[in-house]
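Colleague: What would the 3D arrangement of this be:
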Amino acid sequence: MTAPAHSEAPAGHGAGSGEQREGIVRGLRYIGAKLLTAAVSLFAVMVTSFFLFRILPGDPVRSMTQGREVTVEQEQELRRQFGLDQPLWQQFLDYCAGLFRFDLGVSYQYRIPVAELIGERIGPTVLLAGTGTLIAALLGLVLGTRAGWRRGSATDRVNTGVALLLWSVPSFWLGLLLIVVLASGAGWVPGLFPTGGMMTPGTTGLLDVALDVAHHLVLPVATMVAVVYAQYLMIMRSSLLDEMGADYLTTARAKGLRDALVLRRHAVPNALLPTVTLIFLNLGQVVGGVILVETVFAWPGLGSLFYSGLTVPDLPLVQALFVLFASAVILMNLLADLVYPLLDPRVRT
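Modeller: Take a look at the predicted model:
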(Lines give C-alpha, C1' and ligand atoms only; values in the text may rest on other atoms or scores of the structure.)
Protein backbone atom coordinates (compact mmCIF):
# COMPACT_ATOMS: atom_id res chain seq x y z
CA MET A 1 0.00 0.00 0.00
CA THR A 2 2.92 2.24 0.52
CA ALA A 3 4.37 1.79 -2.98
CA PRO A 4 1.46 3.23 -4.98
CA ALA A 5 1.23 6.22 -2.70
CA HIS A 6 4.95 6.73 -3.08
CA SER A 7 4.75 6.44 -6.89
CA GLU A 8 1.92 8.97 -7.20
CA ALA A 9 3.77 11.74 -5.38
CA PRO A 10 6.49 12.28 -7.97
CA ALA A 11 3.86 12.32 -10.73
CA GLY A 12 1.93 15.10 -9.06
CA HIS A 13 5.14 16.92 -8.25
CA GLY A 14 6.28 16.57 -11.86
CA ALA A 15 2.98 17.96 -13.13
CA GLY A 16 3.28 20.92 -10.78
CA SER A 17 6.88 21.52 -11.86
CA GLY A 18 5.83 21.37 -15.50
CA GLU A 19 3.13 23.97 -14.97
CA GLN A 20 5.61 26.12 -13.08
CA ARG A 21 8.16 25.90 -15.89
CA GLU A 22 5.47 26.71 -18.44
CA GLY A 23 4.48 29.73 -16.39
CA ILE A 24 8.11 30.89 -16.25
CA VAL A 25 8.47 30.46 -20.01
CA ARG A 26 5.29 32.47 -20.61
CA GLY A 27 6.55 35.17 -18.28
CA LEU A 28 9.91 35.37 -20.04
CA ARG A 29 8.22 35.54 -23.42
CA TYR A 30 5.98 38.34 -22.16
CA ILE A 31 8.93 40.30 -20.79
CA GLY A 32 10.98 39.69 -23.95
CA ALA A 33 8.15 40.89 -26.18
CA LYS A 34 7.74 44.07 -24.14
CA LEU A 35 11.48 44.74 -24.14
CA LEU A 36 11.66 44.25 -27.91
CA THR A 37 8.72 46.60 -28.43
CA ALA A 38 10.39 49.24 -26.26
CA ALA A 39 13.69 48.87 -28.17
CA VAL A 40 11.95 49.29 -31.54
CA SER A 41 10.10 52.33 -30.22
CA LEU A 42 13.33 53.90 -28.97
CA PHE A 43 14.98 53.37 -32.36
CA ALA A 44 11.98 54.98 -34.07
CA VAL A 45 12.31 57.94 -31.70
CA MET A 46 16.00 58.31 -32.61
CA VAL A 47 15.23 58.38 -36.33
CA THR A 48 12.28 60.71 -35.92
CA SER A 49 14.15 63.15 -33.70
CA PHE A 50 16.91 63.52 -36.28
CA PHE A 51 14.82 64.08 -39.39
CA LEU A 52 11.84 65.87 -37.83
CA PHE A 53 13.68 69.00 -36.77
CA ARG A 54 15.61 69.27 -40.01
CA ILE A 55 12.44 70.01 -41.93
CA LEU A 56 11.71 73.02 -39.72
CA PRO A 57 12.09 76.40 -41.42
CA GLY A 58 15.13 78.43 -40.51
CA ASP A 59 18.90 78.18 -40.70
CA PRO A 60 20.70 77.68 -37.36
CA VAL A 61 23.81 79.55 -38.50
CA ARG A 62 21.79 82.46 -39.88
CA SER A 63 19.79 82.65 -36.65
CA MET A 64 22.90 82.65 -34.49
CA THR A 65 24.59 85.36 -36.55
CA GLN A 66 21.49 87.51 -37.02
CA GLY A 67 22.29 91.20 -36.52
CA ARG A 68 26.03 90.65 -36.85
CA GLU A 69 28.36 91.35 -39.72
CA VAL A 70 29.56 87.88 -40.70
CA THR A 71 31.42 86.94 -43.85
CA VAL A 72 30.63 83.93 -45.98
CA GLU A 73 33.86 82.30 -44.83
CA GLN A 74 32.85 82.73 -41.18
CA GLU A 75 29.46 81.16 -41.85
CA GLN A 76 31.13 78.22 -43.54
CA GLU A 77 33.47 77.82 -40.58
CA LEU A 78 30.50 77.73 -38.21
CA ARG A 79 28.83 75.09 -40.37
CA ARG A 80 32.01 73.05 -40.27
CA GLN A 81 32.29 73.36 -36.47
CA PHE A 82 28.71 72.18 -35.99
CA GLY A 83 28.99 69.47 -38.64
CA LEU A 84 26.31 71.02 -40.84
CA ASP A 85 28.55 70.84 -43.90
CA GLN A 86 28.47 67.03 -43.83
CA PRO A 87 26.05 64.95 -45.94
CA LEU A 88 22.78 64.14 -44.20
CA TRP A 89 23.60 60.44 -43.84
CA GLN A 90 26.94 61.28 -42.22
CA GLN A 91 25.22 63.66 -39.79
CA PHE A 92 22.77 60.87 -38.90
CA LEU A 93 25.54 58.35 -38.23
CA ASP A 94 27.41 60.87 -36.07
CA TYR A 95 24.19 61.63 -34.21
CA CYS A 96 23.49 57.93 -33.49
CA ALA A 97 27.08 57.34 -32.41
CA GLY A 98 26.86 60.30 -30.05
CA LEU A 99 23.65 58.99 -28.49
CA PHE A 100 25.20 55.58 -27.84
CA ARG A 101 28.14 57.34 -26.15
CA PHE A 102 25.70 59.60 -24.22
CA ASP A 103 27.30 62.54 -26.02
CA LEU A 104 24.39 64.89 -26.79
CA GLY A 105 26.51 67.50 -28.51
CA VAL A 106 26.92 71.22 -27.89
CA SER A 107 24.05 73.69 -27.97
CA TYR A 108 24.20 76.16 -30.84
CA GLN A 109 22.79 79.09 -28.89
CA TYR A 110 24.18 78.44 -25.39
CA ARG A 111 27.56 77.12 -26.58
CA ILE A 112 27.75 74.57 -23.73
CA PRO A 113 27.18 70.79 -23.72
CA VAL A 114 23.51 69.83 -24.01
CA ALA A 115 23.89 67.30 -21.19
CA GLU A 116 24.97 70.11 -18.88
CA LEU A 117 21.93 72.19 -19.85
CA ILE A 118 19.60 69.26 -19.20
CA GLY A 119 21.22 68.63 -15.83
CA GLU A 120 20.60 72.24 -14.81
CA ARG A 121 16.95 72.29 -15.90
CA ILE A 122 15.67 68.82 -15.05
CA GLY A 123 15.29 69.59 -11.32
CA PRO A 124 12.76 72.44 -11.74
CA THR A 125 10.83 70.38 -14.30
CA VAL A 126 10.54 67.33 -12.04
CA LEU A 127 9.48 69.59 -9.16
CA LEU A 128 6.72 71.27 -11.18
CA ALA A 129 5.46 68.34 -13.23
CA GLY A 130 5.88 65.83 -10.42
CA THR A 131 3.92 67.95 -7.94
CA GLY A 132 1.20 68.64 -10.49
CA THR A 133 0.92 64.98 -11.51
CA LEU A 134 0.72 63.78 -7.91
CA ILE A 135 -2.00 66.28 -6.95
CA ALA A 136 -3.94 65.69 -10.18
CA ALA A 137 -3.87 61.90 -9.71
CA LEU A 138 -5.04 62.04 -6.08
CA LEU A 139 -7.74 64.61 -6.83
CA GLY A 140 -8.97 62.76 -9.92
CA LEU A 141 -9.08 59.37 -8.20
CA VAL A 142 -10.99 60.68 -5.18
CA LEU A 143 -13.52 62.67 -7.20
CA GLY A 144 -13.84 59.92 -9.81
CA THR A 145 -14.60 57.36 -7.10
CA ARG A 146 -17.31 59.55 -5.59
CA ALA A 147 -18.81 60.35 -8.98
CA GLY A 148 -18.89 56.71 -10.11
CA TRP A 149 -20.25 55.34 -6.83
CA ARG A 150 -23.08 57.90 -6.90
CA ARG A 151 -23.81 57.84 -10.60
CA GLY A 152 -26.44 60.35 -11.70
CA SER A 153 -26.34 62.29 -8.44
CA ALA A 154 -25.68 66.02 -8.15
CA THR A 155 -22.13 65.20 -7.03
CA ASP A 156 -21.56 63.14 -10.17
CA ARG A 157 -22.93 65.81 -12.51
CA VAL A 158 -21.03 68.68 -10.90
CA ASN A 159 -17.68 66.84 -10.68
CA THR A 160 -17.90 65.52 -14.22
CA GLY A 161 -19.08 68.82 -15.69
CA VAL A 162 -16.38 70.91 -14.01
CA ALA A 163 -13.64 68.40 -14.93
CA LEU A 164 -14.65 68.27 -18.61
CA LEU A 165 -14.94 72.06 -18.75
CA LEU A 166 -11.42 72.56 -17.39
CA TRP A 167 -10.06 69.74 -19.58
CA SER A 168 -11.27 71.58 -22.68
CA VAL A 169 -9.54 74.84 -21.69
CA PRO A 170 -6.11 75.43 -23.30
CA SER A 171 -3.46 75.37 -20.59
CA PHE A 172 -1.70 78.51 -21.86
CA TRP A 173 -4.99 80.46 -21.82
CA LEU A 174 -5.81 79.32 -18.29
CA GLY A 175 -2.28 80.18 -17.17
CA LEU A 176 -2.51 83.69 -18.64
CA LEU A 177 -5.92 84.15 -16.98
CA LEU A 178 -4.52 83.17 -13.58
CA ILE A 179 -1.61 85.57 -14.06
CA VAL A 180 -3.99 88.43 -14.86
CA VAL A 181 -6.35 87.71 -11.94
CA LEU A 182 -4.07 86.37 -9.19
CA ALA A 183 -0.60 87.63 -10.08
CA SER A 184 -1.06 91.03 -11.71
CA GLY A 185 -4.30 91.74 -9.88
CA ALA A 186 -7.66 92.74 -11.35
CA GLY A 187 -9.91 95.39 -9.86
CA TRP A 188 -10.20 94.96 -6.12
CA VAL A 189 -8.22 91.68 -6.21
CA PRO A 190 -4.52 92.33 -5.39
CA GLY A 191 -1.64 90.41 -6.91
CA LEU A 192 -1.22 87.42 -4.63
CA PHE A 193 1.39 85.37 -6.48
CA PRO A 194 4.52 86.00 -8.58
CA THR A 195 4.00 86.43 -12.31
CA GLY A 196 6.75 84.01 -13.29
CA GLY A 197 10.09 82.43 -12.54
CA MET A 198 11.02 79.93 -9.87
CA MET A 199 12.51 82.12 -7.15
CA THR A 200 12.79 85.77 -6.22
CA PRO A 201 16.36 87.05 -6.79
CA GLY A 202 18.28 87.67 -3.59
CA THR A 203 16.37 85.16 -1.47
CA THR A 204 18.66 83.41 1.03
CA GLY A 205 18.22 80.86 3.77
CA LEU A 206 16.93 77.33 3.32
CA LEU A 207 13.47 77.99 4.77
CA ASP A 208 13.02 81.29 2.94
CA VAL A 209 14.07 79.69 -0.36
CA ALA A 210 11.68 76.75 0.13
CA LEU A 211 8.75 79.06 0.92
CA ASP A 212 9.60 81.34 -2.00
CA VAL A 213 9.78 78.42 -4.45
CA ALA A 214 6.47 77.09 -3.11
CA HIS A 215 4.95 80.56 -3.60
CA HIS A 216 6.13 80.62 -7.23
CA LEU A 217 4.90 77.05 -7.69
CA VAL A 218 1.23 77.70 -6.86
CA LEU A 219 -0.03 79.12 -10.15
CA PRO A 220 1.79 76.77 -12.57
CA VAL A 221 0.77 73.72 -10.52
CA ALA A 222 -2.83 74.97 -10.31
CA THR A 223 -2.89 75.41 -14.09
CA MET A 224 -1.50 71.94 -14.70
CA VAL A 225 -3.81 70.22 -12.18
CA ALA A 226 -6.92 71.97 -13.48
CA VAL A 227 -6.32 70.71 -17.02
CA VAL A 228 -5.02 67.23 -16.21
CA TYR A 229 -7.06 65.84 -13.31
CA ALA A 230 -10.11 65.16 -15.51
CA GLN A 231 -8.26 62.24 -17.15
CA TYR A 232 -7.98 60.41 -13.83
CA LEU A 233 -11.53 61.31 -12.82
CA MET A 234 -13.15 60.04 -16.02
CA ILE A 235 -11.14 56.80 -16.19
CA MET A 236 -11.70 56.03 -12.49
CA ARG A 237 -15.41 56.79 -12.83
CA SER A 238 -15.74 54.58 -15.92
CA SER A 239 -13.80 51.72 -14.31
CA LEU A 240 -15.91 51.89 -11.17
CA LEU A 241 -19.13 51.83 -13.19
CA ASP A 242 -17.91 48.64 -14.91
CA GLU A 243 -17.49 47.01 -11.49
CA MET A 244 -20.82 48.14 -10.05
CA GLY A 245 -22.80 45.13 -11.27
CA ALA A 246 -20.16 42.52 -10.49
CA ASP A 247 -21.21 39.45 -8.53
CA TYR A 248 -18.51 39.85 -5.90
CA LEU A 249 -19.96 43.22 -4.88
CA THR A 250 -23.41 41.67 -4.50
CA THR A 251 -21.89 38.90 -2.40
CA ALA A 252 -20.04 41.43 -0.24
CA ARG A 253 -23.27 43.33 0.41
CA ALA A 254 -25.12 40.07 1.16
CA LYS A 255 -22.54 39.38 3.88
CA GLY A 256 -23.64 42.57 5.59
CA LEU A 257 -20.73 44.84 4.67
CA ARG A 258 -21.49 48.53 4.63
CA ASP A 259 -21.30 50.40 1.33
CA ALA A 260 -18.20 52.28 2.48
CA LEU A 261 -16.35 49.00 3.12
CA VAL A 262 -17.59 47.45 -0.14
CA LEU A 263 -16.29 50.49 -1.99
CA ARG A 264 -12.93 50.66 -0.23
CA ARG A 265 -12.08 46.96 0.05
CA HIS A 266 -13.57 45.51 -3.12
CA ALA A 267 -14.69 48.01 -5.78
CA VAL A 268 -11.84 50.52 -5.70
CA PRO A 269 -8.90 48.02 -5.84
CA ASN A 270 -10.33 46.40 -8.98
CA ALA A 271 -11.43 49.66 -10.60
CA LEU A 272 -8.01 51.16 -9.92
CA LEU A 273 -6.18 48.76 -12.25
CA PRO A 274 -6.97 50.54 -15.57
CA THR A 275 -5.75 53.78 -14.02
CA VAL A 276 -2.29 52.33 -13.39
CA THR A 277 -1.28 52.66 -17.04
CA LEU A 278 -2.36 56.31 -17.14
CA ILE A 279 -0.42 57.06 -13.96
CA PHE A 280 2.74 55.47 -15.35
CA LEU A 281 2.40 57.29 -18.66
CA ASN A 282 1.96 60.62 -16.93
CA LEU A 283 4.94 59.84 -14.71
CA GLY A 284 6.91 59.44 -17.93
CA GLN A 285 5.78 62.91 -18.94
CA VAL A 286 7.12 64.34 -15.68
CA VAL A 287 10.58 64.54 -17.28
CA GLY A 288 9.20 66.38 -20.28
CA GLY A 289 7.21 68.73 -18.11
CA VAL A 290 4.48 70.90 -19.53
CA ILE A 291 5.98 73.03 -22.28
CA LEU A 292 3.17 75.57 -22.50
CA VAL A 293 2.84 75.96 -18.74
CA GLU A 294 6.60 76.39 -18.27
CA THR A 295 6.72 78.92 -21.12
CA VAL A 296 3.78 80.99 -19.83
CA PHE A 297 5.16 81.16 -16.29
CA ALA A 298 8.83 81.47 -17.36
CA TRP A 299 9.61 78.36 -15.32
CA PRO A 300 13.29 77.43 -15.84
CA GLY A 301 12.67 73.81 -16.80
CA LEU A 302 13.14 71.52 -19.77
CA GLY A 303 9.84 72.58 -21.34
CA SER A 304 10.83 76.24 -21.67
CA LEU A 305 14.31 75.13 -22.78
CA PHE A 306 12.75 73.05 -25.55
CA TYR A 307 10.64 76.01 -26.65
CA SER A 308 13.68 78.30 -26.82
CA GLY A 309 15.58 75.65 -28.79
CA LEU A 310 12.83 75.50 -31.42
CA THR A 311 13.18 79.20 -32.22
CA VAL A 312 16.75 78.86 -33.56
CA PRO A 313 16.42 75.85 -34.32
CA ASP A 314 19.05 74.51 -31.91
CA LEU A 315 19.28 71.01 -33.41
CA PRO A 316 21.43 69.26 -30.76
CA LEU A 317 19.27 70.67 -27.97
CA VAL A 318 15.82 69.90 -29.42
CA GLN A 319 16.94 66.46 -30.63
CA ALA A 320 18.26 65.51 -27.20
CA LEU A 321 15.16 66.80 -25.40
CA PHE A 322 12.84 65.04 -27.85
CA VAL A 323 14.64 61.75 -27.28
CA LEU A 324 14.60 62.31 -23.50
CA PHE A 325 10.87 63.11 -23.41
CA ALA A 326 9.88 60.19 -25.64
CA SER A 327 12.23 57.72 -23.93
CA ALA A 328 10.81 58.58 -20.51
CA VAL A 329 7.28 57.80 -21.71
CA ILE A 330 8.39 54.57 -23.41
CA LEU A 331 10.28 53.36 -20.34
CA MET A 332 7.42 54.17 -17.98
CA ASN A 333 5.01 52.40 -20.32
CA LEU A 334 7.35 49.39 -20.26
CA LEU A 335 7.41 49.51 -16.47
CA ALA A 336 3.61 49.62 -16.40
CA ASP A 337 3.44 46.55 -18.66
CA LEU A 338 5.82 44.69 -16.32
CA VAL A 339 4.00 45.72 -13.14
CA TYR A 340 0.48 45.17 -14.42
CA PRO A 341 0.62 41.33 -14.21
CA LEU A 342 1.58 41.66 -10.56
CA LEU A 343 -1.53 43.75 -9.89
CA ASP A 344 -4.03 41.82 -12.01
CA PRO A 345 -3.82 37.99 -12.02
CA ARG A 346 -5.93 37.90 -15.21
CA VAL A 347 -3.01 39.35 -17.18
CA ARG A 348 -0.74 36.48 -16.10
CA THR A 349 -3.10 33.90 -17.65
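Colleague: and the longest helix for this structure?
Modeller: Taking DSSP state H as the criterion, the chain has its longest helix at helix 2-52.
Colleague: Which other helices and strands does that helix contact?
Modeller: helix 88-100, helix 315-343 (3 or more C-beta pairs under 8 Å, 6 or more residues apart in numbering; DSSP states H and E). C-beta here means a position set from N, CA and C on the backbone, and glycine is covered the same way.
Colleague: Now do the contacts for Phe53.
Modeller: Applying C-beta atoms under 8 Å, 6 or more residues apart in numbering, we find Phe53 in contact with Pro313, Leu315, Val318, Gln319, Phe322.
Colleague: What distance do you get for the second one to Arg150?
Modeller: This means Leu315. Leu315 is 53 Å from Arg150, where distance means C-beta to C-beta, to the nearest Å.
Colleague: Compare those two and say which is more crowded by neighbours.
Modeller: Leu315 (23 against 13; other C-beta atoms under 10 Å).
Colleague: ok, the more buried one touching Pro60?
Modeller: Yes. Contact criterion C-beta atoms under 8 Å: Leu315 and Pro60 qualify, at 6.2 Å.
Colleague: what's the overlap in contacts for these two?
Modeller: Residues touching both Leu315 and Pro60 (C-beta under 8 Å, 6+ apart) are Tyr108.
Colleague: how distant is stretch 112-122 from the center of its chain?
Modeller: 19 Å (C-alpha atoms, centre = their mean, to the nearest Å).
Colleague: List the buried residues for that stretch?
Modeller: Pro113, Val114, Leu117, Ile118, Arg121, Ile122 (16 or more other C-beta atoms under 10 Å).
Colleague: I'd like these written out as TSV, with pLDDT, distance to Ser41 and secondary structure added.
Modeller: Shown next, in TSV, are the buried residues of stretch 112-122 (pLDDT from 0 to 100; distance: C-beta to C-beta, whole Å; DSSP: H, G, I helix; E, B strand; the rest coil):
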residue	pLDDT	distance to Ser41	secondary structure
Pro113	89	26	strand
Val114	90	22	helix
Leu117	91	25	helix
Ile118	90	21	helix
Arg121	89	25	helix
Ile122	89	22	helix
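Colleague: from these, which is closest to Leu249?
Modeller: Of all those, Leu249 sits closest to Ile122, with 44.2 Å by C-beta to C-beta.
Colleague: Quick check: the gap between the closest one and Gln86.
Modeller: Per C-beta to C-beta, Ile122 is found 30 Å from Gln86.
Colleague: same question, Ala320
Modeller: For Ala320, the distance to Gln86 (C-beta to C-beta) stands at 19 Å.
Colleague: Would you mind giving the secondary structure of Asn298?
Modeller: One thing to correct before we go on: residue 298 is Ala, not Asn. coil (DSSP: H, G, I helix; E, B strand; the rest coil).
Colleague: count of neighbours near it?
Modeller: 14.
Colleague: Identify the residues contacting it.
Modeller: If a contact means C-beta under 8 Å, 6+ apart, then Ala298 has Gly196, Gly197, Ser304 as its contacts.
Colleague: Redo those residues as JSON lines? Include neighbour count.
Modeller: Listed next are those as JSON lines, based on neighbours: other C-beta atoms under 10 Å:
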{"residue": "Gly196", "neighbour count": "18"}
{"residue": "Gly197", "neighbour count": "14"}
{"residue": "Ser304", "neighbour count": "23"}
